[in-house]
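In: Fold the following, please.
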Amino acid sequence: MRIGFDFDNTIVSYDELFHKVAIEKSLVPDDLPISKLAVRDFLRRAKNENAWTEIQGYVYGARMSDAVAYSGVIEFIKLARANGIAMVIVSHKTKHPFVGAKYDLHEAARGWIESFLVDNGETLIKPEQVFFEVTKKDKVARIDECECDFYIDDLPEILLMSGFPQKTERILFDSQ
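Out: As a prediction, this is how the structure comes out:
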């Protein structure tokens with residue numbers, strides 16, 4: 001059996017970090033709800049799309065090590081590994097932000113995995129089992145290539161894409 005995971009907003013929660021960074025940069029009021037979507041929506045309503053795009057690059061790059069896993073995710077991965085279940089991470093992620101500093105977003109994510117997806121000093125999902133694809137189409141092709149029995153993603157659009165492997169059971173992750 002092989003389980004595939006998306007990375008951003010499936011393994012990693014950014015709600016608190018986006019809120020914290022937006023406040024640090026004086027982009028949102030302190031009383032804005034602690035949510036990545038609340039930050040995004042506030043900046044879009046303020047016609048500040050560039051700030052939203054730049055903050056994404058900053059969070060996914062320079063501040064990636066401050067992000068946290070969703071509650072229960074690491075424990076689930078440990079349990080699956082202990083039971084001999086193969087796992088891969090297949091995510092859609094650009095190599096560099098569209099705006100702002102040119103952080104290497106793939107390396108920042110890999111660094112997070114090496115730091116946080118560990119058990120007794122051993123990485124729970126090996127580097128050769130982590131794939132960052134630059135297009136959604138490539139992501140779906142990689143899921144098929146990895147022969148995932150199950151794939152977990154927070155985006156329904158990925159799970160519903162044409163080309164998504166028929167043999168793979170789709171699981172929509174919702175943090176709520």
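In: Have a look at this protein and report its longest strand.
Out: Using DSSP state E to define each element, the chain has its longest strand at strand 86-92.
In: Just name whatever secondary elements that strand is in contact with.
Out: Packing partners of strand 86-92 (3 or more Cβ pairs under 8 Å, 6 or more residues apart in numbering; DSSP states H and E): strand 2-5, helix 73-82, strand 130-133, helix 136-145. All C-beta atoms are positioned from the backbone trio N, CA, C, and that covers glycine.
In: Pull out the buried residues from that strand.
Out: Neighbour counts using 16 or more other Cβ atoms under 10 Å place Ala86, Met87, Val88, Ile89, Val90, Ser91, His92 of strand 86-92 among the buried residues.
In: Tell me the one among these nearest to Phe116.
Out: Taking Cβ to Cβ as the measure, Phe116 sits nearest to Ile89 out of those, at 12.3 Å.
In: which non-adjacent residue is nearest the closest one?
Out: What sits nearest to Ile89 in space, not counting adjacent residues and going by Cβ to Cβ, 6 or more residues apart in numbering, is Val130, at 4.6 Å.
In: wait, what's in contact with that neighbour?
Out: Val88, Ile89, Ala109, Arg110, Ile113 (Cβ atoms under 8 Å, 6 or more residues apart in numbering).
In: Among those, which one lies nearest to His96?
Out: Ala109 (12.5 Å).
In: how much space between the closest one and Glu128?
Out: Distance, Ala109 to Glu128, by Cβ to Cβ, to the nearest Å: 15 Å.
In: May I have stretch 41-60 as PDB, with CA atoms only?
Out: The C-alpha coordinates for stretch 41-60 follow below in PDB (Å, rounded to 0.1, in the frame of the first residue of the first chain):
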ATOM      1  CA  ASP A  41      -9.000  38.000   1.700                       C
ATOM      2  CA  PHE A  42      -8.200  41.100   3.700                       C
ATOM      3  CA  LEU A  43      -5.200  42.000   1.400                       C
ATOM      4  CA  ARG A  44      -7.300  41.300  -1.700                       C
ATOM      5  CA  ARG A  45     -10.200  43.500  -0.500                       C
ATOM      6  CA  ALA A  46      -7.500  46.200   0.200                       C
ATOM      7  CA  LYS A  47      -6.400  45.800  -3.500                       C
ATOM      8  CA  ASN A  48      -3.000  44.700  -2.300                       C
ATOM      9  CA  GLU A  49      -2.600  41.500  -4.300                       C
ATOM     10  CA  ASN A  50       1.100  42.100  -4.700                       C
ATOM     11  CA  ALA A  51       1.500  42.100  -0.900                       C
ATOM     12  CA  TRP A  52      -0.300  38.800  -0.700                       C
ATOM     13  CA  THR A  53       1.900  37.300  -3.400                       C
ATOM     14  CA  GLU A  54       5.100  38.600  -1.700                       C
ATOM     15  CA  ILE A  55       4.000  37.400   1.700                       C
ATOM     16  CA  GLN A  56       3.500  33.900   0.300                       C
ATOM     17  CA  GLY A  57       7.000  33.700  -1.000                       C
ATOM     18  CA  TYR A  58       8.400  35.000   2.300                       C
ATOM     19  CA  VAL A  59       6.400  32.500   4.400                       C
ATOM     20  CA  TYR A  60       7.100  29.500   2.000                       C
END
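In: No further queries at this time; thank you.
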